[in-house]
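S.K.: coords below, sequence missing:
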């Protein structure tokens, strides 16, 4: 039986993934005057709305191919590219066939969270540089394998934590580190983003015929869905998503640990929360607090997806901000998102401004061929994402606890108690019984090996869960 070259490469790719072997390893650094050709995988809101213009609008960069298992999304993106930029793109339902194209230099990865790891590794094995959206990975060990793939195949991989390229943040962090407000005491980060119910159907959600559901599921469990929509709400199901504290939280955790100068996971972590108010088909918490115990200073993270009270139309806020990071120092505080510093009397003492282009930074690094030119190298993205996963793992191995049990676990830590009081007040305002919250244990972490001490269930989640034949290759 004869097979085509495409069929051969496609079959070889599957074998390579299973064995942890390279598919293709060849790609030259692009010179300053050479055209960089981009293939985009994942054409949802981020892929079509940000990646296409983010790359296509750069001089000497051209989007030449796109891939998505949703043919309707892919077709819409192809039509937009032709009408707006004046050229056609080749379309693929199997991303591996796009990776096979030898004239593509860069893969822009805007797939859903649970696909980031394997697709990025495949792209590195195919000799492509990769810009991959946040959160970098779906599991801690998976993120480490992504770092290993970038290093083994000598590829440049940038994580889409774009604040790393915004001058406002770098200026503020440099100012804080210079000691203008003394030492950092603690950091509070938060995401107050109202989210509705994802629904709870009596019968499984019909999958439209223009979606290849087998490939859509990929490494995740292929199960009937009882939520109301296929795409974005997959972020709020542990099978395919990582919840608000990672999906949004990786941005805040990333700039917070950047400011703290932390390069590894914290010493320990504990989380408390629940999926309140909705009896729906999603299972990640919509209200959550996490304490990350770093050697330098604690990082507190808060999620509020409900309104600030029953009947209210507004979201909660922290010091007037809905989403942000506040660095609390001996002599005052700094809002990294607003770019404002205050002294302890509340007087404004400094402001910071300036933006940046994360896509352009990536392309500049591709042209130079220097990893150090990346503002968010894959390892930077991995550590920030892994921290968020650690917080969620505490929650996932927790149990429903009474208010007395919760308070006993929090103990006499004043920072934990302040955050816990805000959590309790928020639940009360929404008429939610605090005795229905899930209390995660204090998990002691081995930062060097990115695992937990003496907790088998937590370490099982670290390793992740994969459906064959989409297993994670071992590259370390």
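M.R.: Noted; the coordinates are in hand. Here the structure is a predicted model, which means the values were calculated and not measured.

S.K.: In terms of secondary structure, what does the helix or strand where residue 64 lies contact?
M.R.: Counting by DSSP states H and E, the element that carries residue 64 is strand 61-67. Where contact means 3 or more Cβ pairs under 8 Å, 6 or more residues apart in numbering; DSSP states H and E, strand 61-67 is packed against strand 36-41, helix 52-56, helix 71-85, strand 90-92, helix 95-100. C-beta here means a position set from N, CA and C on the backbone, and glycine is covered the same way.

S.K.: any idea which of those is most buried?
M.R.: Highest mean neighbour count among the helices and strands packed on strand 61-67 (mean count of other Cβ atoms under 10 Å): strand 36-41, with a mean of 26.

S.K.: That one versus helix 71-85: what angle between them?
M.R.: Interaxial angle of strand 36-41 relative to helix 71-85 (axes from the mean of the first three to the mean of the last three Cα atoms, to 10 degrees): 150 degrees.

S.K.: by contact count, what packs against strand 36-41?
M.R.: Using 3+ Cβ pairs under 8 Å, 6+ apart: strand 36-41 touches helix 52-56, strand 61-67, helix 95-100, strand 106-109, helix 358-368.

S.K.: Residues in contact with the strand or helix carrying residue 176: which ones?
M.R.: Using DSSP H and E, residue 176 maps to helix 167-177. Residues outside helix 167-177 that contact it (Cβ atoms under 8 Å, 6 or more residues apart in numbering): 163, 184, 255, 258-259, 261, 327, 329, 334, 336, 339, 341, 350, 352-356.

S.K.: ok, then the element right after that helix?
M.R.: The first helix or strand that comes after helix 167-177 along the chain, using DSSP H and E, is strand 184-191.

S.K.: hey, where'd the strands end up in the stretch 201-350 of the chain?
M.R.: Counting by DSSP state E, counting those that start in this stretch, one finds strands in the stretch 201-350 of the chain at the ranges 268-274, 287-293, 298-304, 323-329, 332-335, 340-343, 348-351.

S.K.: Can you give me the buried ones in the third one?
M.R.: Yep, that's strand 298-304 we're talking about. The neighbour-count check on strand 298-304 (16 or more other Cβ atoms under 10 Å) flags 298-304 as buried.

S.K.: And those, which two are furthest apart?
M.R.: Maximum pairwise distance among these (Cβ to Cβ): 19.5 Å, between 298 and 304.

S.K.: and the longest helix along the chain with strand 287-293, angle?
M.R.: Looking across the chain with DSSP state H, the single longest helix is helix 378-396. Comparing the axes of helix 378-396 and strand 287-293 via the same axes, to 10 degrees yields an angle of 120 degrees.

S.K.: Could you list every helix and strand in contact with helix 378-396?
M.R.: Looks like helix 378-396 contacts helix 140-152, strand 157-159, helix 244-247, helix 249-260, strand 268-274, strand 287-293, strand 443-446, helix 456-463 (3+ Cβ pairs under 8 Å, 6+ apart).

S.K.: one more time with 6 Å, if that's ok
M.R.: helix 140-152, helix 244-247, helix 249-260, strand 268-274 (3 or more Cβ pairs under 6 Å, 6 or more residues apart in numbering; DSSP states H and E).

S.K.: Serialize those to a markdown table and add fields for distance to residue 360.
M.R.: Shown next, in a markdown table, are those (distance: least, Cβ to Cβ, whole Å):
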| stretch | distance to residue 360 |
| --- | --- |
| helix 140-152 | 20 |
| helix 244-247 | 24 |
| helix 249-260 | 19 |
| strand 268-274 | 35 |
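
S.K.: of the ones you listed, which approaches residue 70 most closely?
M.R.: Shortest distance between residue 70 and the helices and strands packed on helix 378-396, using Cβ to Cβ, is found for helix 244-247: 19.7 Å.

S.K.: Can I get the strands of the stretch 201-350 of the chain in JSON lines including mean pLDDT and distance to residue 455?
M.R.: Formatted as JSON lines, the strands of the stretch 201-350 of the chain follow (pLDDT from 0 to 100; distance: least, Cβ to Cβ, whole Å):
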{"stretch": "strand 268-274", "mean pLDDT": "98", "distance to residue 455": "11"}
{"stretch": "strand 287-293", "mean pLDDT": "98", "distance to residue 455": "16"}
{"stretch": "strand 298-304", "mean pLDDT": "98", "distance to residue 455": "20"}
{"stretch": "strand 323-329", "mean pLDDT": "98", "distance to residue 455": "29"}
{"stretch": "strand 332-335", "mean pLDDT": "98", "distance to residue 455": "35"}
{"stretch": "strand 340-343", "mean pLDDT": "98", "distance to residue 455": "40"}
{"stretch": "strand 348-351", "mean pLDDT": "98", "distance to residue 455": "43"}
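
S.K.: Centroid-nearest residue for this structure?
M.R.: Centroid-nearest residue in the chain, with Cα atoms, centre = their mean: residue 135, separated by 1.2 Å.

S.K.: Looks to me like that one is in a helix.
M.R.: No - counting by DSSP: H, G, I helix; E, B strand; the rest coil, residue 135 is located in no helix; its state is coil.
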